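Undergrad: from the sequence below, what's the structure:
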Amino acid sequence: MGAVAYEQDFHQWALQQAELLHKAAFEKLDVTNLIEELQAMSARERRELISRLRVLLMHLLKWQYQPNYPIKTHWQTTINNQRDDISLLLEDSPSLSPKIPEALAKAYPMAVREAAQESGLSLKVFPTECPWTFEQAMAAGFFPDSD
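TA: Below you'll find the predicted structure:
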């Protein structure tokens with residue numbers, strides 16, 4: 001089987017690169033594209049952390065600022081799912097842990113915007129800074145009190 005170009009069939013290219021690595025056939029590796037892909041993988045992990053934090057914070061905000069919402073169980077499910085997924089992500093990629101403050105800072109304004117949009121509340125209702133630490137937001141059983 002001949003070499004598959006990166007641009008023609010990414011899946012097959014990736015499998016071939018893995019096989020070449022396994023065989024220690026380093027001279028046949030597509031080093032330039034491998035470097036790009038490894039860097040892109042790292043960036044995707046950071047974006048996933050931010051995305052999951054955004055969803056978690058949005059639902060915590062809605063929980064706190066919509067205290068009379070009739071059914072919060074689906075928010076609770078989403079909150080718990082995001083906590084689980086963030087924990088798994090950090091377990092798989094512990095080097096993301098030092099990036100948590102930056103990720104939280106990026107995720108919070110997006111969470112506020114989406115919480116305002118979904119709740120119909122004014123952006124001014126929500127704090128300008130995240131009211132919870134990462135540890136609080138991730139704590140099992142933590143659901144913020146209403147103001």
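Undergrad: my guess is Asp145 contacts Trp63, does it?
TA: No: using Cβ atoms under 8 Å, Asp145 is not in contact with Trp63, being 9.3 Å away. All C-beta atoms are positioned from the backbone trio N, CA, C, and that covers glycine.
Undergrad: which one of these two is surrounded by more residues?
TA: More crowded of Asp145 and Trp63, by other Cβ atoms under 10 Å: Trp63, with 20 against 7.
Undergrad: how about that one, phi and psi?
TA: Torsion angles at Trp63 (phi, psi; degrees, to the nearest 10) stand at phi -60, psi -50.
Undergrad: so who does it touch?
TA: Contact analysis of Trp63 by Cβ atoms under 8 Å, 6 or more residues apart in numbering lists 72, 75, 79, 143-144.
Undergrad: ranges for the helices of this protein?
TA: Counting by DSSP state H, the segments of the chain that form helices are 10-22, 31-65, 73-92, 100-119, 134-138.
Undergrad: sorry, back to before: is it possible to get a markdown table of the contacts of Trp63 that adds distance to Glu27, pLDDT and neighbour count?
TA: Output for these, formatted as a markdown table (distance: Cβ to Cβ, whole Å; pLDDT from 0 to 100; neighbours: other Cβ atoms under 10 Å):
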| residue | distance to Glu27 | pLDDT | neighbour count |
| --- | --- | --- | --- |
| Lys72 | 59 | 84 | 16 |
| Trp75 | 54 | 91 | 17 |
| Ile79 | 50 | 96 | 24 |
| Phe143 | 57 | 94 | 14 |
| Pro144 | 57 | 93 | 15 |
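Undergrad: would a markdown table of these with distance to His59 be doable?
TA: Output for the contacts of Trp63, formatted as a markdown table (distance: Cβ to Cβ, whole Å):
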| residue | distance to His59 |
| --- | --- |
| Lys72 | 9 |
| Trp75 | 5 |
| Ile79 | 5 |
| Phe143 | 10 |
| Pro144 | 10 |
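Undergrad: so where's the chain uncertain?
TA: Residue ranges of the chain with pLDDT under 70: 1-2, 146-147.
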